[in-house]
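Enquirer: Show me the folded form of this:
(one chain, ligands or ions: 1)
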Amino acid sequence: MQFKARIAHAIVGALLTGTLLHSAPTYATELSAVETQQVNAQQAQALGLAVPYSAKVPTIESVLGYPAASRISSPAAIEAYFVKLAEQFPAQVKLNYYGKSWEGRNLYYVAISSAENMAAFANFQRGMQQLSAADKTSAQQANKLIAELPASVWLSYGVHGNEISSPEAAMLTAYHLLAAEDEQTASYLNNAVVFIDPVQNPDGRSRFVSRYYMTAGLEHSADRHSAEHNEPWPSGRSNHYLFDLNRDWIALTQPEISGQVEALLENMPLVFVDLHEMGGDSSYYFTPEADPYNPLITKKQRETLWYIGENNAQWFDERGYDYFTREIFDAFYPGYGASWPLYHGSISMTYEMASARGHVFRTKDGDILTYGDGVQRHFVASIATIEAVAQQRQQLLKNFWDYRTQGIDAGSDSKQRVYLFAGQKDPAGTQRLVGLLTRHGVQVQQAKEAFSACGVKYPAGSFWVDTAQPAHYMARTLLDKNIAMDDKFIAEQERLRANNLPDQIYDVTAWSLPLMFNLDYQTCSRVPRAENQLATEQLVKPGTVLNADAEVGYIVPWGDMNAGRFLTEALRAGLTVKRTDLAFTHKNKQRYPAGSLILTHAQNAHLTAAVQKIALSSGATVHGVDSSWVTDGPNFGSNNVKLVHAPNIVMLWDEPVSSLNAGHSRYVIEQQFGYPVTAMRAAQLSRADLSHYQVLILPSTYGSLSSALGENGEANVKKWVENGGVLITFGNATEWAVQSDLLNSALERVINENPQGHGSEKKVDGLLIKSKAEHMHYITPDAADPYWTAGVLTNLDVDLEHWLSAGVQPNLISVTVGNQIYRPLSIEHGRNIVSYSKDVLASGYLWEENQQQLAYKPYLMWQPRQRGMVISFTQEPTYRAYLDGLNLLLLNAIFGGAAHATPLR
Ligand SMILES: [Zn+2]
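Expert: So this is what the prediction gives:
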């Protein structure tokens, strides 16, 4: 505390009063000794901490050529600074690379601690592994580790690339830890290992920085309407595939997050902070969180969150910084960076600073918020958190151990102790789920022999998760079908809604992986007795070719992503592939589902080698056949067996498209299906000759598609569809298809059985309102939209008698977000291939009237238009790229659609 009392107020703003525009930085400017000392003195002032700094530690200016917080540093510049620190202080700084972004930028973190702790870093990592393996470590060993190990804190900066101040604060934090020559900082490093991940999203930050400086003029603008403060599409928030990386901690689809998760599991830090920015008119947010809390978060964890928040508050009070807690940012959805570590027993939280979104920003109160203000506050919050962690070393270690042992106990006591996956319905999806669970640090067992559990028989190769394991809560969070929200919180939301006030549900209320992957599982209270082995991180198991030397050709049974990947790879390899619309039984007595792929030697040269290669990489099981004889269903030459063309796919890109949905969709098709997509802006789409494209995808939009495409665009798309194009719409792009008369559906308003007939007359008859309820009814507009939902999992029923549903299971699960409800197509116009079930809700919290109104309404509609067709999803099947259970439907839409359209060739 003494130390903090000596701390001067922040003076970083003073550094920013000079020239704001800088020439291109030079990263390796070598300064003279005198210059270095001067710069260090300036830097000490910039930090606002009146402690002596060693001149031996390179400052930001000495490495990058400009003072701290005077420029929004590029990812390359920030990396250069950390590389320099690691080179100059190998005894205290360890730099680790954990991957590369899509655009090829390095993903890395540094560990900083005392020389003594870093010399024993391997011991530290081993010790944390032992402490987390509460199933293998004795209480006695644990006590010894708790007494001896340093605490650890992981600070992750800049996950949203346009939240600019935190990566700069990462450099200052590292500088301070190494250069400060006071006792407090030394005691932090004696007691804790500090992990710094300075730039979680280098592609997004790079996008922001390059475009931001393009807009700058003679002076930086504080005007919120200036180009400086309004980014073009897509903003720097997202990564290359336009993902919000702070929602990817469940599916781990992006290298920035999957790599970080791997690094976290290696080090198991006790505390994790994700440092963000929010709107420029706010102040600073830190823990404790807003309600609701996820019920799997323990009381102990909440107490520690409170402790850290209170410690931050002291530091903020000393500097007169405004802040708030317990509002807006909740801890329910586990797919945030600030949530994921909680389910391994760490403490994790988000910090949010008001963003200048540039160098200077005038707030609604008329104050000037600077970039330096953000850097300063994130720096102070970082140091405050490190202090709290160092002070609570032993307690944090003990809490972590207790959490891991409690998990084992909770699993042992549970009636649903074991989750079992037979996996026959969808081998590819099951393999992916198991690989993913393993990547999350959950132990999964694979049976080497057949067995029975709770009266059900399982074949060899089946998987199970015994939740009596240290990662119990992580397993539960990812696998449970429903995580209940606090009753009081729900009651409050209904009260707000009844009073025409917005609800406080921040994000989706459901995320169960088996539901989203559409995989069945059973639970059992007893652990199966079967020889088994630990499952691996493998997401795709190499496939095989049965009867590889087949004389006539090969059949790939349709029904999972292994077959899907086989199809795209075969098409890209130039093979001739046919696809059956109807199930058939081959002479070999095998039944093949609709959608199955047929490749023959007669139509393909060198087929055997190609099929072997593709089976291996795709995971598909391929059946060689020595005869084309079919005993039931269509023959290979039937009209019900269609040639699959390798379609050229074009997707609408840029304004007014939702960057998230465009990015998710492009990612699913390119990286999960393995097939390229051409991105095209509205202006080109309106005019271009589209005839060499077979499939056009319109993702969800934020703005108006009608005005973006205009009449010419609409006419161009219509003509193209009628000439044989396959138009696929996602989410609210379906509304455009309706407005343009391409799809004969309609958007529904909220159900209103007793409209009040609100007119526009200025003088009306008197009215008696006799109750509060009548009053509420009277003020409700006649033509309101259904109530908005942040997102739930919903049940769908599939019409299996169509090529669009070939190989698809009769019941599916989707995410439903927003308030769009469509009328079913009448049979004269088309087919409702997938509809909401009678029991709509699969998981999460959805308003009762939305559940009622959604029942039997369309999820996927198909309408033929002359030589082409319209295929409309009323929601986003690619939502967060984690609805793997819908992938087959999308593959059918793209490749089945292209095979069924009849353009003039
Ligand atoms: Zn953020």
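Enquirer: Helix or strand next in line after the helix or strand where residue 145 lies, which one?
Expert: Using DSSP states H and E, residue 145 falls within helix 139-148. The helix or strand immediately downstream of helix 139-148 is strand 151-157, counting by DSSP H and E.
Enquirer: can the helix or strand that comes right after that following strand be found next to the ion?
Expert: Remark: after strand 151-157, the chain's next helix or strand is helix 165-179, criterion DSSP H and E. No. Helix 165-179 does not reach the ion (Cβ under 5 Å from the ion); its nearest approach is 9.0 Å. For glycine as for every other residue, the C-beta is placed from the backbone atoms N, C-alpha and C.
Enquirer: how close does residue 536 sit to the ion?
Expert: Computed as Cβ to the ion, to the nearest Å, the residue 536 to the ion distance reads 33 Å.
Enquirer: any low-confidence regions in this structure?
Expert: Applying pLDDT under 70 to the chain flags residues 1-48, 758, 905.
Enquirer: Please tell me how far the residue of the stretch 751-900 of the chain found nearest the ion sits from residue 719.
Expert: Closest approach between the stretch 751-900 of the chain and the ion, counting by Cβ to the ion: residue 880, at 16.0 Å. Distance of residue 880 to residue 719, given as Cβ to Cβ, to the nearest Å: 34 Å.
Enquirer: between these two, who's got more neighbours?
Expert: Shown here are residue 880 and residue 719; by other Cβ atoms under 10 Å, residue 880 has more neighbours (23 against 14).
Enquirer: you'd agree the more buried one is up against residue 664?
Expert: Yes. Look at residue 880 against residue 664 with Cβ atoms under 8 Å: they come within range, at 6.3 Å.
Enquirer: helix, strand or coil for residue 683?
Expert: Secondary structure, DSSP: H, G, I helix; E, B strand; the rest coil: residue 683 is helix.
Enquirer: What is the burial count for it?
Expert: 14.
Enquirer: end to end, how far does stretch 571-585 reach?
Expert: Start-to-end span of stretch 571-585 (Cα to Cα, to the nearest Å) is 25 Å.
Enquirer: And stretch 361-372, by the same measure?
Expert: Stretch 361-372: ends 11 Å apart by Cα to Cα.
Enquirer: Go through that stretch and flag the buried ones.
Expert: By neighbour count with 16 or more other Cβ atoms under 10 Å, stretch 361-372 contains the buried residues 361, 362, 363, 369, 370, 371, 372.
Enquirer: I'd like those residues laid out as CSV, including distance to residue 750 and secondary structure.
Expert: CSV is the format used below for those (distance: Cβ to Cβ, whole Å; DSSP: H, G, I helix; E, B strand; the rest coil):
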residue, distance to residue 750, secondary structure
361, 39, strand
362, 40, strand
363, 37, coil
369, 40, strand
370, 46, strand
371, 45, helix
372, 48, helix
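Enquirer: Could you list the residues of this protein in contact with the ion?
Expert: Counting by Cβ under 5 Å from the ion, the chain sits next to the ion at 160, 163, 276.
Enquirer: Enumerate every residue touching the residue nearest to the spatial centre of the chain.
Expert: With distances taken as Cα atoms, centre = their mean, the residue of the chain nearest its centroid is residue 248 (2.2 Å). Counting by Cβ atoms under 8 Å, 6 or more residues apart in numbering, residue 248 touches 254, 256, 257, 335, 880.
Enquirer: what's around whichever residue of the stretch 101-250 of the chain sits closest to the ion, how many residues?
Expert: Ranked by Cβ to the ion, the top residue of the stretch 101-250 of the chain for proximity to the ion is residue 160, at 3.7 Å. Residues near residue 160, counting by other Cβ under 10 Å, number 25.
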